[in-house]
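In: here are the coordinates; sequence isn't available:
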């Protein structure tokens, strides 16, 4: 197409040649921008898919106290650096993600009626925390309440719901 424009432009007056050349340049720039935006858009779903696959693998191994960035990178066939970049794009770090997911899983378990008799330290260990005191500090820091207080509130709420349902 550009070759045809180049041949046709030779028989045109100079002022028209300039306008045609500018129009052709704009056309090429528009096509290049469109191609570039498609490449970026195509890369996003692949990157998001990889991130989702990695977070799914983290979820399935949250209870492993040795779960860390290197193990996750190895398990998912990515470099450690790329793993950190994926999480950075989400506005977090691998370590913060793991900690957040572990705390959420422990919080949900502590509220379950079938887990009310389970020791808080056992729940913490089940979700990969190797220190009960570290777990308690992290829990309080995140939720503004201790794990024991959370469990007490959950027990009271469950009891209250049972009373209203009768």
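Out: Right, received. Where do you want to start? Since the model is a prediction, treat every value here as computed from it, not as a measurement.
In: point out where the chain drops to low pLDDT.
Out: Regions of the chain meeting the criterion pLDDT under 70 cover residues 1-9, 16-17, 20-21, 23-44, 163-166.
In: just give the closest residue to the residue most central in space within the chain, not the sequence neighbours.
Out: Nearest to the centroid of the C-alpha atoms of the chain, with distances taken as Cα atoms, centre = their mean, sits residue 90, at 5.2 Å. Taking Cβ to Cβ, 6 or more residues apart in numbering as the measure, residue 90 lies nearest to residue 51, with 6.8 Å between them; neighbours along the chain are not counted. Every residue, glycine included, has its C-beta placed from N, CA and C.
In: also residue 59?
Out: The spatially closest residue to residue 59, leaving aside those adjacent along the chain, is residue 101, at 6.5 Å (Cβ to Cβ, 6+ apart).
In: same question for residue 148.
Out: The spatially closest residue to residue 148, leaving aside those adjacent along the chain, is residue 120, at 6.1 Å (Cβ to Cβ, 6+ apart).
In: from residue 69, how far out is the one you found?
Out: Distance from residue 120 to residue 69, counting by Cβ to Cβ, to the nearest Å: 27 Å.
In: what do you get for residue 148?
Out: 31 Å.
In: rewinding a little: the residue nearest to residue 148 against residue 147, yeah?
Out: Yes - between residue 120 and residue 147 a contact is recorded at 4.7 Å, counting by Cβ atoms under 8 Å.
In: please identify the helix or strand for the closest residue to residue 76 other than its chain neighbours.
Out: Excluding its sequence neighbours, the residue lying closest to residue 76 (Cβ to Cβ, 6+ apart) is residue 54, at 5.1 Å. Secondary-structure assignment from DSSP states H and E places residue 54 in helix 14-60.
In: next one: stretch 73-84 to chain centre, how far?
Out: Stretch 73-84 has its average C-alpha position 14 Å from the chain's average C-alpha position, going by Cα atoms, centre = their mean, to the nearest Å.
In: what sits up against that stretch?
Out: With Cβ atoms under 8 Å, 6 or more residues apart in numbering as the test, stretch 73-84 has contacts from 50, 53-54, 57, 61, 69-70, 72, 86, 93-94.
In: run the last query once more with 10 Å
Out: Outside of stretch 73-84, the residues that reach it under the criterion Cβ atoms under 10 Å, 6 or more residues apart in numbering are 50-51, 53-54, 56-58, 60-61, 67-70, 72, 85-86, 93-95.
In: can you give me the end-to-end distance of it?
Out: Distance across stretch 73-84, first residue to last, is 9 Å (Cα to Cα, to the nearest Å).
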